[in-house]
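Participant: Okay, predicted coordinates and the sequence, questions at the end:
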Amino acid sequence: MHTALLDIRDAYVSYDKRRFFSRVVTHFYALNAISLQVRPGESVGLVGESGSGKSTLGKMVVGMLPLARGSLTFRGQSFHGREFCHQPLRLRKEIQMVHQDFHGTLDPKMSIFGTIEEALVLHFPEHTRAWRKQRVEQLLTQVGLSPAVASYYPRQLSGGQRQRVNIARALAVEPHLLICDEVVSALDVSVQAQILNLLSSIREQRPLAMLFISHDMAVVERMCDFVCVLNAGKMVEKGTVEEVCYHPRDPYTQKLIQAVPDL
């Protein structure tokens, strides 16, 4: 049994809420007593409807949101409160995130080469520009794009191509954990299949763990080893794909599955 790469224990994430014309601040818990583990090489799915808390959990894991309570342990190092939001650069590169918004995550004024090179300069400053050029070409090839795309700008690429660039940028720093937040939901169905095939291929080629966030049970069933179902900030069910997708216990999970006719 492998030691967990990521171990979240009894985690809470809260937002402050204030009514109009009132000085009273209340706390809304977007995540409530969440616990899960991701082991090296595993793909764990987070599934639920909009507002279930799955994207909030992804942002917490990448350090964009602080813990209100509970702990997050990554590679044996434990963090509480805001500690993981200020993790050192060496840890920051080991958790990368690919977002749903493939338009807004690429700088329109920067070439694809510049976009990927930026991450290499930050995390591998000891290497030369010639090494970075070769590395960018390798990454583009790995995600199914021509090395010539390095000279393009985002406006010259399709949605699927932009998402491939985002994946290449995330892989550039050799992360241990890749968080995929609704990475195919904004793409055409045929392009969705291509991106999912690409991610499956990447998992076969390298020991990469994934936290796969989606509202689509069919996608999670295809991509993941384990599934965690979130509803209103609480985890209502978790288990293997076989257990959750084919023998669901919670009524909410059953409703999600019924919404996917071909699951």
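Facilitator: Cool, got the structure.
Participant: can you list the weak-confidence ranges in the stretch 1-150 of the chain?
Facilitator: By pLDDT under 70, the weakly predicted segments of the stretch 1-150 of the chain are 1-2, 18-26, 102-103.
Participant: now the strands for it?
Facilitator: Per DSSP state E, counting those that start in this stretch, the stretch 1-150 of the chain carries strands over the ranges 6-18, 25-38, 43-47, 69-74, 77-79, 95-98.
Participant: Out of those, which is the most enclosed?
Facilitator: Of the strands of the stretch 1-150 of the chain, the one with the most neighbours on average (mean count of other Cβ atoms under 10 Å) is strand 43-47, at a mean of 26. C-beta: built from backbone N, CA, C; applies to glycine.
Participant: Show me what that one is in contact with.
Facilitator: Strand 43-47 is contacted from outside by 36-38, 54, 57-58, 203, 209-217, 220-221, 223-230, 241, 256, using Cβ atoms under 8 Å, 6 or more residues apart in numbering.
Participant: what's the answer for stretch 65-78, then?
Facilitator: So stretch 65-78 is contacted by 3-14, 27, 29, 33-34, 56, 59-61, 79-82, 84-85, 91, 94-95, 176-177 (Cβ under 8 Å, 6+ apart).
Participant: how long is that stretch end to end?
Facilitator: Criterion Cα to Cα, to the nearest Å; first-to-last residue distance in stretch 65-78 is 16 Å.
Participant: filter the contacts of strand 43-47 to the buried ones?
Facilitator: Using 16 or more other Cβ atoms under 10 Å as the burial test, the contacts of strand 43-47 include 36-38, 54, 57-58, 203, 209-217, 220-221, 223-230, 241, 256 as buried.
Participant: on that earlier part again, can you add distance to residue 123 and give the strands of the stretch 1-150 of the chain back as CSV?
Facilitator: As requested, the strands of the stretch 1-150 of the chain are arranged in CSV below (distance: least, Cβ to Cβ, whole Å):
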stretch, distance to residue 123
strand 6-18, 20
strand 25-38, 22
strand 43-47, 24
strand 69-74, 17
strand 77-79, 18
strand 95-98, 10
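Participant: Let me see the residues that make contact with stretch 96-106.
Facilitator: 58, 62, 115, 154, 159, 162-163, 165-167, 170-171, 173, 175, 177-183, 185-186.
Participant: Can you tell me which of those end up in strands?
Facilitator: 177, 178, 179, 180, 181 (DSSP state E).
Participant: Right, I'll call it a day here.
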